[in-house]
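Student: Next comes the sequence, and after it the predicted model I'd like to discuss.
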Amino acid sequence: MGRTVVIDRFAEQASAYVDGYAIVAVDVIRATTTAVTAVAQGRRCFPVPSLDAARRLRARLADALLAGEVDGRMPAGFTLNNSPATLAARRDVSRPVILLSSSGTRLMHAARQCEAAYVACFRNAAAVARHLARRHENIAVIGAGSRGEFRKEDQICCAWIAASLLDAGYEPRDRRTVTIVERWRDAPARACADGKSAAYLRRSGQLRDLAFVLTHVDDLDAPCAVEGDEIVTLPAEREHGRAVGQG
């Protein structure tokens with residue numbers, strides 16, 4: 001088999017792709033959207049796998065913002081929730097952000113062990129797909145999931161990226177990948193508005209984040225990668241037209 005792409009789920013699966021794969025971490029609502037938004041501001045962003053790790057890093061980065069949630073609740077001492085809309089409105093972009101979430105930041109952290117690791121959401125899905133197609137033979141696009149479920153918004157984003165790679169000549173690694181791509185490749189971002197993650201944001205009064213996720217689609221030209229402990233923006237690779245995502 002030549003170049004391949006597979007869609008998988010959950011942070012624990014990252015270890016299955018340590019050798020010979022580039023990993024794409026996806027947690028649209030909300031960790032990867034928050035991380036991508038942070039670095040798009042020019043802000044440094046450090047995803048962490050646990051509350052203890054967040055506090056240890058905060059002791060070394062005195063000016064850093066603590067942002068995130070554990071089981072949906074913002075921990076004591078944190079400045080803001082895992083909120084891309086709130087972060088986007090802040091102007092203190094010289095302050096790094098230490099980002100914690102129940103599943104997405106664990107996936108980003110786990111992806112560091114792989115040969116290459118990227119971070120994607122609706123905002124930069126097309127940019128990530130273009131970058132991957134020019135550099136990597138085998139790609140695993142992994143949705144972080146929530147409460148043991150592969151959430152609808154993550155399936156959509158994974159499908160957009162995988163569909164673009166299939167169109168570029170990659171082969172699907174398994175039938176599940178084909179099924180997810182066939183179901184969601186042409187779905188608009190708003191197709192996840194009736195999903196469980198969106199319902200949680202409505203119940204908890206976090207409608208600004210839902211609106212942010214659904215209205216910021218392929219508006220960033222640069223892919224984001226995991227380098228060491230940090231999320232970084234890579235140079236944009238522009239092409240005529242859009243590769244994936246339909247707003």
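Tutor: That came through fine.
Student: next SSE after the longest helix belonging to the chain?
Tutor: For the chain, the helix reaching the highest residue count under DSSP state H is reported as helix 152-167. Using DSSP states H and E, the helix or strand that follows helix 152-167 in sequence is strand 171-172.
Student: now the strands for this protein?
Tutor: With strands called from DSSP state E, the chain shows them at 4-9, 22-26, 45-48, 65-68, 97-100, 116-120, 138-143, 171-172, 224-227, 230-233.
Student: just checking, what packs against the first one?
Tutor: Same thing as strand 4-9. strand 138-143, helix 152-167, strand 171-172, helix 175-184 (3 or more C-beta pairs under 8 Å, 6 or more residues apart in numbering; DSSP states H and E). Where you see a C-beta, it was placed from the backbone N, CA and C, and this is true even at glycine.
Student: for the ones you listed, which one sits closest to Arg95?
Tutor: In terms of C-beta to C-beta, the element of these nearest to Arg95 is helix 152-167, at 27.8 Å.
Student: Okay, angle between the closest one and strand 138-143 too, please.
Tutor: Angle, helix 152-167 to strand 138-143, by axes from the mean of the first three to the mean of the last three C-alpha atoms, to 10 degrees: 160 degrees.
Student: and helix 152-167, which residues are buried?
Tutor: 152-166 (16 or more other C-beta atoms under 10 Å).
Student: then that helix to CSV, C-alphas only?
Tutor: Extracted in CSV, the C-alpha atoms of helix 152-167 (Å, rounded to 0.1, in the frame of the first residue of the first chain):
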residue,chain,number,x,y,z
LYS,A,152,-20.0,14.7,15.5
GLU,A,153,-17.9,17.9,15.1
ASP,A,154,-14.7,15.9,15.3
GLN,A,155,-15.9,13.3,12.8
ILE,A,156,-16.7,16.2,10.4
CYS,A,157,-13.3,17.8,10.7
CYS,A,158,-11.5,14.5,10.4
ALA,A,159,-13.6,13.7,7.3
TRP,A,160,-12.8,17.0,5.7
ILE,A,161,-9.0,16.4,6.1
ALA,A,162,-9.1,12.7,5.1
ALA,A,163,-11.3,13.5,2.1
SER,A,164,-8.8,16.0,0.8
LEU,A,165,-6.0,13.4,1.2
LEU,A,166,-8.0,10.8,-0.6
ASP,A,167,-8.6,13.2,-3.4
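Student: now it: mean pLDDT?
Tutor: The average of the pLDDT scores along helix 152-167 is 98.
Student: So which elements touch it?
Tutor: Helices and strands touching helix 152-167, as assessed by 3+ C-beta pairs under 8 Å, 6+ apart, comprise strand 4-9, strand 22-26, helix 125-133, strand 138-143, helix 175-184, helix 196-203.
Student: for those, which one sits closest to Gly228?
Tutor: Of those, nearest to Gly228 by C-beta to C-beta is strand 22-26, at 14.8 Å.
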